[in-house]
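Enquirer: When you get a sec, could you give me coordinates for this:
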Amino acid sequence: MSKVVPYTNLSVVVPVYNEGKHLEERISHFVATLDAVVGPGQWEILLINNGSMDTTSDVIDRLGEKFPSVIGHTLPCLLYTSPSPR
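Expert: Numbers count the residues shown, from 1 in each chain. Below is the predicted model:
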């Protein structure tokens, strides 16, 4: 889903992977903090879902409906994994 947010003073990019369980609570708290510090409508959060296998995409969609300044983008597959320990 793409949406256009008017000019903002702050953009926050948050990569997420399998965060469905905790994402809504954390982003809701983040939204309240940004409203208080930067001002309502003066910021945007870009949630980049890196191929999650849980409910992360659904949570991102709900957050986008609840908060107009939260924008979600889902990548088609996991693009980066940390190296395996040796």
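
Enquirer: Only C-alpha atoms from now on, for both contacts and neighbour counts.
Expert: Fine.

Enquirer: what does the helix ranked longest in the chain contact?
Expert: For the chain, the helix that runs over the most residues, judged by DSSP state H, is helix 23-37. Residues from elsewhere that reach helix 23-37 (Cα atoms under 8 Å, 6 or more residues apart in numbering): 40, 41, 42, 43, 56, 59, 60, 63.

Enquirer: Any of the residues you listed buried? List them.
Expert: 41, 42, 43, 56, 59, 60, 63 (16 or more other Cα atoms under 10 Å).

Enquirer: ok, now how distant is the fifth one from residue 45?
Expert: Put plainly, it is residue 59. Noted for residue 59: a distance of 14 Å to residue 45, by Cα to Cα, to the nearest Å.

Enquirer: centroid residue for the protein?
Expert: Per Cα atoms, centre = their mean, the C-alpha nearest to the average position across the chain is that of residue 47, at 2.3 Å.

Enquirer: what's that residue in contact with, if anything?
Expert: When the contact criterion is Cα under 8 Å, 6+ apart, the partners of residue 47 are 13, 14, 15, 16, 60, 70, 71, 72, 73.

Enquirer: Show me just the buried residues among the residues you listed.
Expert: For those, burial is judged from neighbour counts taken by 16+ other Cα under 10 Å, and it is met by 16, 60, 70, 71, 72, 73.

Enquirer: Which ones among those lie within helices?
Expert: Judged by DSSP H, the buried ones among the contacts of residue 47 include residue 60 as members of helices.

Enquirer: would you list the buried ones among the contacts of residue 47 in TSV and tack on distance to residue 27 and pLDDT?
Expert: Listed next are the buried ones among the contacts of residue 47 as TSV, based on distance: Cα to Cα, whole Å; pLDDT from 0 to 100:
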residue	distance to residue 27	pLDDT
16	11	95
60	10	97
70	9	97
71	12	96
72	12	96
73	15	92
